[in-house]
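1. Next come a sequence and a model predicted from it.
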Amino acid sequence: MIAHIKIGRIPVHVFTEETLHIEIDQVIKDSSKKTFLNTNAHLVQLANSTEQWLINYFSEQVDYVVCDGASIQLGAKYTNQVVPEKITYNIWFWNFAKFCSENNHSIFLLGGQDGVAQKAVQRLIDKNPELKIYYHHGYFNKKSGSKENDEVIKMINKIKPNILVVCFGMPIQEKYIKDNYDLLNVNVFLSGGGALDFISGNVKTAPSFISKIYMEWFYRLCLDPKRLWKRYLIGNFMYIYYVLKYRKNKI
């Protein structure tokens with residue numbers, strides 16, 4: 001049993017990289033089916049404002065929630081809870097790919113612009129030649145019942161990967177997993193956000209000293225201010241507000 005805390009009404013499981021790998025490995029060995037979705041300041045802010053369905057979804061249907069950012073760690077500190085380990089794709093996924101290669105677990109990457117997922121796959125294979133990994137870009141009609149979505153689901157089910165990583169950004173990826181969970185024959189669902197941009201090398205990862213002082217958000221803002229200014233300059237303040245507002249609403 002993995003312990004969990006709550007940040008802004010969203011549960012967060014207290015994983016380490018090792019315990020996360022162990023749990024995913026067990027799900028695959030048991031031939032079961034579970035969701036391991038990420039949360040960060042952006043998701044908490046969305047869940048408490050424009051996308052309130054996320055609160056019930058994460059609390060009642062998502063099996064495990066992984067800490068994806070220093071903001072969640074700070075939120076845990078502010079509310080006197082156990083601080084979970086930060087597990088972010090730009091660093092973690094390289095180790096996870098190695099783990100999957102060693103344990104013969106297959107991965108399907110879904111999302112990104114045409115060519116980005118392909119580049120990410122090639123970089124992962126360069127480091128793990130035995131890795132079983134597949135991909136499809138994210139530019140298709142994701143609406144349930146659409147011809148394009150049915151074709152993507154059919155392709156994934158034909159391959160039968162153990163792990164599906166959906167990288168559409170929040171909250172589109174969460175809605176996609178929710179809507180298509182019963183249709184997809186995979187063991188593990190992961191939400192990757194912008195992971196493919198980092199893995200492919202299209203976006204630079206912040207230096208380690210930036211991450212250590214909890215300023216990775218500012219680094220990313222400087223790289224893409226036009227797209228991210230609202231998320232970080234407004235969203236971060238909203239996140240702090242919701243953390244403090246619901247600080248007594250714990251487990």
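-> Yes, it's here. Residues are numbered from 1 along each chain as shown.

2. contacting residues around residue 100?
-> 106, 107, 128, 131, 132, 162, 163 (Cβ atoms under 8 Å, 6 or more residues apart in numbering). For glycine as for every other residue, the C-beta is placed from the backbone atoms N, C-alpha and C.

3. for residue 194, same thing?
-> Going by Cβ under 8 Å, 6+ apart, the list of residues near residue 194 reads 167, 169, 203.

4. make it 7 Å
-> Residue 194 makes contacts with 169, 203, as judged by Cβ atoms under 7 Å, 6 or more residues apart in numbering.

5. now the helix of greatest length in the chain: how far from the chain's centre is it?
-> Longest helix in the chain, counting residues (DSSP state H): helix 89-103. Computed by Cα atoms, centre = their mean, to the nearest Å, the chain-centroid distance of helix 89-103 equals 14 Å.

6. could you dump that helix to CSV, C-alpha only?
-> Extracted in CSV, the C-alpha atoms of helix 89-103 (Å, rounded to 0.1, in the frame of the first residue of the first chain):
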residue,chain,number,x,y,z
TYR,A,89,9.8,13.0,-17.1
ASN,A,90,12.7,15.0,-18.3
ILE,A,91,14.9,13.2,-15.8
TRP,A,92,13.0,10.1,-14.7
PHE,A,93,11.9,8.7,-18.1
TRP,A,94,15.5,7.9,-19.1
ASN,A,95,15.8,5.6,-16.0
PHE,A,96,12.3,4.3,-16.6
ALA,A,97,13.2,3.3,-20.2
LYS,A,98,16.2,1.4,-18.9
PHE,A,99,14.1,-0.3,-16.3
CYS,A,100,11.5,-1.3,-19.0
SER,A,101,14.3,-2.6,-21.3
GLU,A,102,15.8,-4.7,-18.6
ASN,A,103,12.4,-6.2,-17.7
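
7. got the buried residues for that helix?
-> 89, 90, 92, 93, 94, 96, 97, 99, 100, 101 (16 or more other Cβ atoms under 10 Å).

8. so what's residue 94 scoring on pLDDT?
-> You'll see residue 94 listed with a pLDDT of 97.

9. Now for it: which residues touch it?
-> Taking Cβ under 7 Å, 6+ apart as the test, what residue 94 contacts is residue 127.

10. Residue 3 now?
-> With Cβ under 7 Å, 6+ apart, residue 3 has these contacts: 14, 82.

11. Now it. Its backbone dihedrals?
-> Dihedral pair for residue 3: phi -70, psi 160, per degrees, to the nearest 10.

12. Could you do residue 190 as well?
-> phi -120, psi 150.

13. ok, for it, nearest residue in space, not its chain neighbours?
-> residue 165 (4.5 Å; Cβ to Cβ, 6 or more residues apart in numbering).

14. One more: residue 25?
-> Using Cβ to Cβ, 6+ apart, the nearest residue to residue 25 is residue 103, at 6.1 Å.

15. ditto for residue 178
-> residue 57 (6.0 Å).

16. Residue 71 too?
-> residue 41 (3.6 Å).

17. what does the model give that neighbour for pLDDT?
-> According to the model, residue 41 scores 95 on pLDDT.

18. just to revisit the earlier point, make TSV out of the buried residues of helix 89-103 and add distance to residue 1.
-> Shown next, in TSV, are the buried residues of helix 89-103 (distance: Cβ to Cβ, whole Å):
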residue	distance to residue 1
89	25
90	29
92	22
93	26
94	28
96	22
97	27
99	22
100	24
101	28
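
19. Mind picking the one among those residues that's closest to residue 36?
-> residue 96 (10.7 Å; Cβ to Cβ).

20. Skipping its backbone neighbours, what lies nearest that closest one in space?
-> Of all residues not flanking residue 96 in the chain, residue 21 sits nearest, at 7.1 Å (Cβ to Cβ, 6+ apart).

21. cool, and residue 78?
-> In space, not counting the residues next to it along the chain, residue 78 is nearest to residue 243; the distance is 6.0 Å by Cβ to Cβ, 6+ apart.
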